[in-house]
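> From the sequence below, what's the structure:
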Amino acid sequence: MKTTALRSLGMLLAMLAVMLPARAQDDPFAAAARFDGQKRACLLAVRDQVNAAGTDRAKLAEVEAKLIAALSTAEATPEGLQEICRFLWIAGGEACVLPVAKLLADPKTADMARYTLQANPSAIAGKALRDAAASASGAAKVGLVNSIGQRADAAATALLTPLADDANADLRSAALWALGRIGTTEAAKVLTSARTQDLANAQARALCAERLAAAGKTADAEKLYLALTAAGTPSAAKAAALRGLALVKSTKALDLAIAGLKDENLHVRQVAAKLASLLADKTTAQRYREAYPSLSADAQFAVLGAFADRGDPAAGPLALDALKTTDPAMRAVAMVVASAAGTPELVEPLVAIALADAGQARAVRDTLARFKGTAADPAMLALLTKGTPEQSAFIVAPICDRGIRSALPALLEILRGKDVKLAKAVVAGLPRVCQPGDLAALLQTLLAAPDKGVRDSLTTQILTVARRAEPAAATKAVTDLLAKAPTEQRVTLVGMLPGLGTDAALAALVAATKDADAEVRAAAVDALAGEWDDARALAPLLELVKTSTDADLVATALDGAVSKVAADDRLSGDDRVKLLAQILPLAKEAGTKRAIITQLRGCRVAAAVEMAAGLLDDAKVFTEAAGCVIYLAAEQKVGNRQLAAVKGPSTTAALRKVIDLAKDEGLKAQAGKLL
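Now for the predicted structure:
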């Protein structure tokens, strides 16, 4: 009996083994229809097939057929049918309409079914929704009417007409919105003749007018919009109507917009104000300006914002009116309007505001700099040349910010004058006005400027302009003038040569170190030693040390030579030591030798240890030289870097020399530990 039971169990397992693969290979579409909210593998498989079909209508038809078949799957669940509808939303065509329409009768699947039909482009989908809506009730009917509205189905107008006055508020609102979406002349008549003219109806009429306008039926749209501007119309609809009238270019739009500026509702006032940026009527600016003084603050603010968007020169007087306010926000918007208008009469009042209130100065400068067009440029130039000193000083920055080329002669004349404060204001903005072709005029002005501080600042700015020019041409302009300028001006020009950086500039600088005039020579050596920023200056500096009899110049040249070696990060340790070896024999002062030793500490090569060891014989720098030897002979950690010790015979000899010559026991001990 036990054997029989085991045989029966084996047969059962075999049957299950046969059945399970079949279930595992179940059609994913049928499995999706049975979806229970848990395992989503079947949904993913269907999704992949829908995505693979893409926009290929033939492939989509194949997928649609499988989805339609899945709707009749045994044991289908409401969740599964909803998922099938979601896929038909994407892949469905005319074939799926009737099978999906059957699901409208079940509350569990009705919503997803109507969404699917709502998205279906076929005409029979629209009919299915209309047929279902005609017999539905309650929330289902509201949903179907909403779907009809989404489709803007003009064929549903007759169905929706009685619903426009339905006692059920939700259904009535849905029907009104649907009629607005339909947006035909017939729909407009239904909305206009409805018994209840409330907010929902007004919004539907505004929507209907918008759709009519989009369809090119501007006369019908205008009629609806005009009706919505009547007294008693809800404010949201009235505001939409005002905007709509402007968009359809109604001849009554401007009058109604001006009237709307004083509407009791804030939203209507704001929309009426913003219409200033839409209305193209030539009298718009004048009409708004006339209304402006009697408007509420919020309406004034909105009007200013509209004119800022409009960018109309005619708004200049409006900006002038608004600038008189003490309200910071209002004044800020007025400045935007002023910059968009860009009219000459705004220049002086704006400058007056800046001079009266330092806190407004930056805002005014930015406003003037952003002035639209060039109409106001002559007014700015007039203030520069004929205004008070305070006006002239202020207007310089906006003129330079705008890069007004015609202002250059006046700006250069100021630099030649005695008003140092004004000249410094000009210097600060000069590069924004100048072009490389102005270099010769700038250099002539540099020589004529009476104040040294102005000349020094101007030198820097001229170099900014010169760097935009072709380097050889810029250098020639400076060197040509250098050859014939008086001493004081030559000193200034010499100071410019390092900023040019060309070989010709270096040659001119080297020549200037031999000039007959001591002041020019000193300036050239200072520039070569201190301001020239690469090692090309090293050879001429060393030559100067060898040939000059001026101790001060020699000291400056030596210090400069050391600094040139220090500044060149491209040099290897051995190359750096070789250059320092050229300088060391010329160094007489302890200070120069100490500077050389400092550079040796950064060269972890045997040659650096040997040079430091040679300096141990000089008692004035023994301590520094010994410290350098010990530093190089030991491992060092600098930041995150571990520097290896310099080892070898030269290091051993240098350490023994430190021990032999040092009088400080601490130095002896440090050197001894490294042997």
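> Isn't Val271 up against Leu245?
No - under the criterion of Cβ atoms under 8 Å, Val271 makes no contact with Leu245, lying 10.9 Å away. For every residue, glycine as well, the C-beta is placed using N, CA and C.
> the more surrounded of these two?
Neighbours were counted for Val271 and for Leu245 using other Cβ atoms under 10 Å; Leu245 has more, 28 against 25.
> tell me the contacts of the more buried one?
Residues near Leu245 by Cβ atoms under 8 Å, 6 or more residues apart in numbering: Glu222, Tyr225, Leu226, Thr229, Lys252, Ala253, Leu256, Ala257.
> Separate out the buried members of those.
Neighbour-count burial (16 or more other Cβ atoms under 10 Å) applied to the contacts of Leu245 gives Glu222, Tyr225, Leu226, Thr229, Ala253, Leu256, Ala257.
> Tell me which helix or strand comes right after the host helix or strand of the second one.
Just to be clear, that refers to Tyr225. Tyr225 belongs to helix 218-228 when assigned by DSSP states H and E. Counting by DSSP H and E, the next helix or strand C-terminal to helix 218-228 is helix 235-247.
> Render the CA-only coordinates of that next one in CSV, please.
Provided in CSV are the C-alpha atoms of helix 235-247 (Å, rounded to 0.1, in the frame of the first residue of the first chain):
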residue,chain,number,x,y,z
SER,A,235,-13.2,89.4,-11.7
ALA,A,236,-11.2,86.4,-13.0
ALA,A,237,-13.3,86.3,-16.2
LYS,A,238,-13.2,90.1,-16.6
ALA,A,239,-9.4,90.0,-16.4
ALA,A,240,-9.2,87.3,-19.0
ALA,A,241,-11.5,89.3,-21.2
LEU,A,242,-9.4,92.4,-21.0
ARG,A,243,-6.3,90.4,-22.0
GLY,A,244,-8.2,88.7,-24.8
LEU,A,245,-9.4,92.0,-26.2
ALA,A,246,-5.8,93.2,-26.4
LEU,A,247,-4.8,89.9,-28.1
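> what sits up against the next helix or strand after it?
Sequence-wise, the next helix or strand downstream of helix 235-247 (DSSP H and E) is helix 253-260. Under the contact criterion Cβ under 8 Å, 6+ apart, helix 253-260 has outside partners 229, 238-239, 242, 245-246, 268-269, 271-272, 275-276, 279, 281, 283-284, 287-288, 291.
> packing partners for the helix holding Tyr225?
helix 185-193, helix 199-214, helix 235-247 (3 or more Cβ pairs under 8 Å, 6 or more residues apart in numbering; DSSP states H and E).
> okay if I get those helices as JSON lines plus mean pLDDT and distance to Gln599?
Shown next, in JSON lines, are the helices and strands packed on helix 218-228 (pLDDT from 0 to 100; distance: least, Cβ to Cβ, whole Å):
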{"stretch": "helix 185-193", "mean pLDDT": "96", "distance to Gln599": "90"}
{"stretch": "helix 199-214", "mean pLDDT": "96", "distance to Gln599": "79"}
{"stretch": "helix 235-247", "mean pLDDT": "95", "distance to Gln599": "76"}
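> could I get those as TSV with distance to Ser173?
Shown next, in TSV, are these (distance: least, Cβ to Cβ, whole Å):
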stretch	distance to Ser173
helix 185-193	12
helix 199-214	5
helix 235-247	14
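> for this protein, where's the lowest mean pLDDT among helices and strands?
Sorting the helices and strands of the chain by mean pLDDT, DSSP states H and E puts helix 2-24 at the bottom, at a mean of 45.
> could you point out which element follows that one?
helix 28-33.
> I'd like the average pLDDT over that next one.
For helix 28-33, the mean pLDDT works out to 94.
> Next: stretch 173-180.
97.
> Also stretch 53-64?
Stretch 53-64 comes out at a mean pLDDT of 93.
> Could you do stretch 460-472 as well?
Rounded mean pLDDT across stretch 460-472 is 89.
> Likewise for stretch 132-147?
96.
> swap in stretch 418-426?
Mean predicted confidence for stretch 418-426 is 93.
> buried residues in that stretch?
Under 16+ other Cβ under 10 Å, the buried positions of stretch 418-426 are Leu422, Ala423, Lys424, Ala425, Val426.
> tell me which strands and helices the strand or helix carrying the second one is in contact with?
Following DSSP H and E, one finds Ala423 within helix 420-429. Contact here means 3+ Cβ pairs under 8 Å, 6+ apart; on that basis helix 420-429 packs against helix 389-402, helix 408-416, helix 452-466.
> Can I get these in a markdown table including mean neighbour count?
Below are those laid out as a markdown table (neighbours: other Cβ atoms under 10 Å):
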| stretch | mean neighbour count |
| --- | --- |
| helix 389-402 | 21 |
| helix 408-416 | 19 |
| helix 452-466 | 18 |
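> So which of those helices is nearest Leu430?
helix 452-466 (5.0 Å; Cβ to Cβ).
> from the chain's centre, how far out does the following helix or strand past that closest one sit?
Next in sequence after helix 452-466, counting helices and strands by DSSP H and E, comes helix 471-482. Distance of helix 471-482 from the chain centroid (Cα atoms, centre = their mean, to the nearest Å) equals 39 Å.
> now helix 471-482 against helix 452-466, angle please.
150 degrees (axes from the mean of the first three to the mean of the last three Cα atoms, to 10 degrees).
> list the helices and strands the helix or strand that helix 471-482 is followed by packs on?
Using DSSP H and E, the helix or strand that follows helix 471-482 towards the C-terminus is helix 487-500. On a contact count with 3+ Cβ pairs under 8 Å, 6+ apart, helix 487-500 meets helix 439-448, helix 452-466, helix 471-482, helix 503-512, helix 518-526.
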